[in-house]
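Novice: Okay, predicted coordinates and the sequence, questions at the end:
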Amino acid sequence: MKQMIKPWRHVFKLDPDREIDDQALEAVCMSGTDAIMIGGSSGVTFDNTVDLLSRVRRYELPCVLEVSNLEMLVPGFDLYMIPMVMNTADSAWITGQHKQAIEEYGYMIPWDLLVPEGYIILNPDSAVARLTGAQTDLDADGAAAYAQVADKLMSLPIVYVEYSGSFGDMETVRKIHQSVHGAKVFYGGGIHDPETAKAAAAVSDTIVVGNAVYEDLAQALLTVKAVK
Ligand SMILES: CC(C)=CCC/C(C)=C/CC/C(C)=C/CC/C(C)=C/CC/C(C)=C/CC/C(C)=C/CC/C(C)=C/COP(=O)(O)OP(=O)(O)O
Ligand SMILES: O=P(O)(O)OC[C@@H](O)CO
Ligand SMILES: [Mg+2]
């Protein structure tokens, strides 16, 4: 099942903590994107996650949950993406919360559906950087070194370059992509039109489009054809 991520070039990330009407959701799910990722850095609950999953399930495409707290663990997703933050000194976001989750839910975890993500958070002005205490003052070599920790030392299947809320430095992303060989490089952050989508897709394996869905849906939808 984990293999399903390999051909993905484009993913929309929907936040259960944000509103999206049925018409917009249909446009997103019928856009030709490879998958819907459900996740957020705050305000994500069991109920709003169930609600969003039930609405996305009307459509054929894969729907995966990106786990960021212990309340949102809803059964029925195709995969469960598990962030592990590489560039933080706070071990809660590397292994701590994960150990707690396994102690509480280990008996029901569908291990073959879990996909760990080596997260490198690079936008200091993002909720996720503040939440995790991410050390974002990295140059391209430093970011690429963390990517190799995830890829070569931990053999994680995904290196996730997270610029959430701002369009990142493409040379840094290129250096990360060139340094990673086993993992798929996901890029997310500030993609809002075909130009930013193409630029990010040129230096990563999979692009993730989030906030643009809520800010300029027409442009967000154009990012699919721009890369597929
Ligand atoms: C049957 C059943 C229910 C099965 C489920 C079993 C299962 C999958 C158990 C979980 C096992 C496990 C190991 C869980 C991990 C627990 C956990 C909470 C780990 C910590 C994860 C982590 C490092 C989170 C911090 C990073 C983070 C918040 C990532 C999300 C990134 C993101 C979505 C950022 C953007 O958020 P957004 O809201 O869009 O940001 P803005 O609002 O600023 O735009
Ligand atoms: O919301 P944006 O900036 O598109 O970022 C997408 C994703 O990387 C957020 O976790
Ligand atoms: Mg949010």
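Specialist: All right, it came through fine. Ligands and ions are numbered 1, 2, ... in the order given.

Novice: Nearest residue to Lys6 in space, please, no chain neighbours.
Specialist: The shortest distance from Lys6 to any non-neighbouring residue, by C-beta to C-beta, 6 or more residues apart in numbering, is to Lys184 (6.7 Å). Every residue, glycine included, has its C-beta placed from N, CA and C.

Novice: what is that neighbour paired to in the beta sheet?
Specialist: For Lys184, the beta-bridge assignment (DSSP bridges) gives partners Ile158.

Novice: Against Lys99, how distant is whatever residue of the chain ends up closest to ligand 3?
Specialist: Residue nearest to ligand 3 within the chain: Gly40 (3.7 Å; C-beta to the ion). According to C-beta to C-beta, to the nearest Å, Gly40 stands 23 Å off from Lys99.

Novice: More neighbours: which of those two?
Specialist: Gly40 (22 against 12; other C-beta atoms under 10 Å).

Novice: Kindly report the residues of the chain close to ligand 3.
Specialist: Contacts of the chain with ligand 3, taken as C-beta under 5 Å from the ion, map to 15, 17, 40.

Novice: mind putting those residues in JSON lines, pLDDT included?
Specialist: As requested, those are exported to JSON lines (pLDDT from 0 to 100):
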{"residue": "Asp15", "pLDDT": "98"}
{"residue": "Asp17", "pLDDT": "97"}
{"residue": "Gly40", "pLDDT": "96"}
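
Novice: ok, which of these also contact ligand 1?
Specialist: Among the residues of the chain next to ligand 3, the residues that sit close to ligand 1 (C-beta under 6 Å from any ligand atom) are 15, 40.

Novice: Pick out whichever of the residues of the chain next to ligand 3 sits closest to Glu26.
Specialist: Among the residues of the chain next to ligand 3, Asp15 lies closest to Glu26 (C-beta to C-beta), at 17.5 Å.
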